[in-house]
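Q: only geometry, no sequence info:
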């Protein structure tokens, strides 16, 4: 990698909020590869990302921060290394309503810390309003026990303020750890 | 827990047929919470609660009458959003039922010395309940229509939908809080649906650090500490300027003086962060910790990272000369 790390990657399973999070903080309408869901459709989700989401944020000097949303499903793992090359951060999004949010998160953290060793990691737990029993310290402590000492925060992917707070946490974590 | 039936008088005025009927239904459903309601038109006489609707100016007069008699009011107002003591026009039976339950719960409760603990000056009652030595306890904390359940087993608070920690924190040292121990069955049957939101103790401590830091025990000056984990933070309660010092505390051990200088924050603010860290159990104290050296200047993406941070409202250069 020759230039500065200039990508921010959101990864997570179906319905975790990747597309929504990318859209929440983008300057422009993201390029998305959403297709209608034929199975596993929920009341509020009728489409899913079949490849990736891409958008960008223009910085003060005209440089771009590239935003990606990539599905966490294994059959799409061939694109993970390409997307993560030059990533300054990888944010794992996990729905509190997923069957095993800790195991899902852990698997993605393990994969992406291997693929993108220079990227900082953070975790956003979405849909906690629908599944309030899942407490952030519980998730965080389980991840810590598995070797990941990273920011874990609840986030509503629809809220620009909350996604921004998560990104700020990741950036602060990266800066302080460097 | 065999809770005795409590009896209340609820007065109403200015309600149309729809809301009057819904109020009757909502009152009758309160028997499930062992609250027996006698509904009566408002005549200016004593009642436990007045439910008012209709013309705003008439409503204001009625509310003033009720206030002078110390009677709580529930207003049904066009265009309002639900809040304590207020419901929007068109409120459902369930909305009215929940609002009545919240407003009447603290009324006329005769403290049972065996079961309830009135608030005393000093550490707020809610914080004392959180620090209970019992590893698996549930406490119902009530102040007026405000209710919170403290769950020491999961180190979390149960709050109503729409209630935020920053609304609770300003009330913490009010002496009218009462505390009642709950068993799990009672909690599951009577309170889970009323208090469905969960917030960790950690997030409350950092919220207190923001809004009422004097309620937290101070950490001795000169103490070095490091955060064991990244805290559970709510974006509404933590300003952007706190994130870098929190990240630094997460990365290494600091004294408050050194961290304040490095972060460009007032020393008092950093002390509040230390207090929140210590109270929440996230602080790892270290003797004779060496303050971290300045970060390496040659970090590959430092300039770009600074631009990105600025774009997201973070000042990574704060505190740097």
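A: Sure, I can see it. Here the structure is a predicted model, which is why all the values come from computation and not from measurement. Numbering: from 1, shown residues only, chains lettered A, B, ... in the order given.
Q: tell me which other helices or strands the strand or helix carrying residue B:307 touches.
A: Per DSSP states H and E, residue B:307 falls inside helix B:302-311. If you count contacts as 3 or more Cβ pairs under 8 Å, 6 or more residues apart in numbering or on different chains; DSSP states H and E, helix B:302-311 packs onto strand A:87-95, helix A:160-177. Heads up, the C-betas are built off the backbone N, CA and C, glycines and all.
Q: with adjacent residues omitted, what lies nearest to residue A:12?
A: If the residues on either side of it in the chain are set aside, residue A:12 comes closest to residue A:93, at 3.5 Å by Cβ to Cβ, 6 or more residues apart in numbering or on different chains.
Q: all strands of the stretch 151-300 of chain B, in order?
A: Shown for the stretch 151-300 of chain B, the strands assigned by DSSP state E, counting those that start in this stretch span residues B:156-159, B:178-182, B:197-200, B:224-227, B:254-255, B:283-286.
Q: nearest to residue B:84, out of these?
A: For residue B:84, the closest of these is strand B:156-159, at 12.4 Å, according to Cβ to Cβ.
Q: in its sheet, what does the closest one sit against?
A: Counting by DSSP bridges, the strands paired with strand B:156-159 are strand B:146-151 (antiparallel), strand B:197-200 (antiparallel).
Q: can I get those in JSON lines including mean neighbour count and mean pLDDT?
A: Listed next are the strands paired with strand B:156-159 as JSON lines, based on neighbours: other Cβ atoms under 10 Å in any protein chain shown; pLDDT from 0 to 100:
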{"stretch": "strand B:146-151", "mean neighbour count": "22", "mean pLDDT": "92"}
{"stretch": "strand B:197-200", "mean neighbour count": "21", "mean pLDDT": "95"}
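Q: burial measure for residue B:79, as a count.
A: Counted with other Cβ atoms under 10 Å in any protein chain shown, the neighbours of residue B:79 add up to 6.
Q: in which helix or strand does the closest residue to residue A:77 other than its chain neighbours reside?
A: Of all residues not flanking residue A:77 in the chain, residue A:111 sits nearest, at 7.3 Å (Cβ to Cβ, 6+ apart). Under the criterion of DSSP H and E, residue A:111 resides in helix A:101-115.
Q: cool, residue B:81 as well?
A: Applying DSSP H and E, one finds residue B:81 in no helix or strand.
Q: hmm, residue B:91 and it touching each other?
A: No - Residue B:81 lies out of contact with residue B:91 (Cβ atoms under 8 Å); the separation is 11.0 Å.
Q: more neighbours: those two, which one.
A: With neighbours defined as other Cβ under 10 Å, residue B:81 and residue B:91 compare such that residue B:91 has more, 24 against 9.
Q: distance of that one from residue B:278?
A: Going from residue B:91 to residue B:278 by Cβ to Cβ, to the nearest Å gives 44 Å.
Q: and for residue B:209?
A: Per Cβ to Cβ, residue B:209 is found 10 Å from residue B:278.
Q: between the two, which has more neighbouring residues?
A: Between residue B:209 and residue B:278, residue B:209 has the larger neighbour count (other Cβ under 10 Å), namely 25 against 19.
Q: would you list the strands of the stretch 151-300 of chain B in CSV and tack on distance to residue B:139?
A: Formatted as CSV, the strands of the stretch 151-300 of chain B follow (distance: least, Cβ to Cβ, whole Å):
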stretch, distance to residue B:139
strand B:156-159, 10
strand B:178-182, 5
strand B:197-200, 15
strand B:224-227, 27
strand B:254-255, 35
strand B:283-286, 25
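Q: quick one: the strands in chain A?
A: Counting by DSSP state E, one finds strands in chain A at the ranges A:7-12, A:34-36, A:47-49, A:53-58, A:64-71, A:87-95, A:120-126, A:152-154.
Q: any chance you could list what contacts the fourth one?
A: Counting contacts by Cβ atoms under 8 Å, 6 or more residues apart in numbering or on different chains, the residues outside strand A:53-58 that touch it are A:10, A:18-19, A:22-23, A:25-33, A:64-70, B:311.
Q: the last one too?
A: The list of residues contacting strand A:152-154 from outside it, by Cβ under 8 Å, 6+ apart, reads A:122-126, A:128, A:136, A:139-140, A:143, A:165-166, A:169, B:230, B:232-234.
Q: from the middle of its chain, how far away would that strand be?
A: Distance, stretch centre to chain centre, for strand A:152-154: 11 Å (Cα atoms, centre = their mean, to the nearest Å).
Q: pLDDT score for residue B:297?
A: pLDDT for residue B:297: 42.
Q: and if you look at residue A:29?
A: Looking at residue A:29, its pLDDT reads 83.
Q: buried sites along stretch B:20-28?
A: For stretch B:20-28, the buried set under the neighbour-count rule, 16 or more other Cβ atoms under 10 Å in any protein chain shown, comprises B:22-24, B:26-27.
Q: next, format the residues you listed as a markdown table and append secondary structure and distance to residue A:99.
A: Converted to a markdown table, these look like this (DSSP: H, G, I helix; E, B strand; the rest coil; distance: Cβ to Cβ, whole Å):
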| residue | secondary structure | distance to residue A:99 |
| --- | --- | --- |
| B:22 | helix | 39 |
| B:23 | helix | 43 |
| B:24 | helix | 44 |
| B:26 | helix | 38 |
| B:27 | helix | 42 |
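Q: for those residues, give me a markdown table that also has pLDDT.
A: Shown next, in a markdown table, are the buried residues of stretch B:20-28 (pLDDT from 0 to 100):
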| residue | pLDDT |
| --- | --- |
| B:22 | 91 |
| B:23 | 92 |
| B:24 | 90 |
| B:26 | 89 |
| B:27 | 89 |
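Q: ok, now how distant is residue A:149 from chain B?
A: To chain B, residue A:149 is 7 Å away according to Cβ to the nearest Cβ, to the nearest Å.
Q: before we move on, what about residue A:172?
A: Computed as Cβ to the nearest Cβ, the residue A:172 to chain B distance reads 4 Å.
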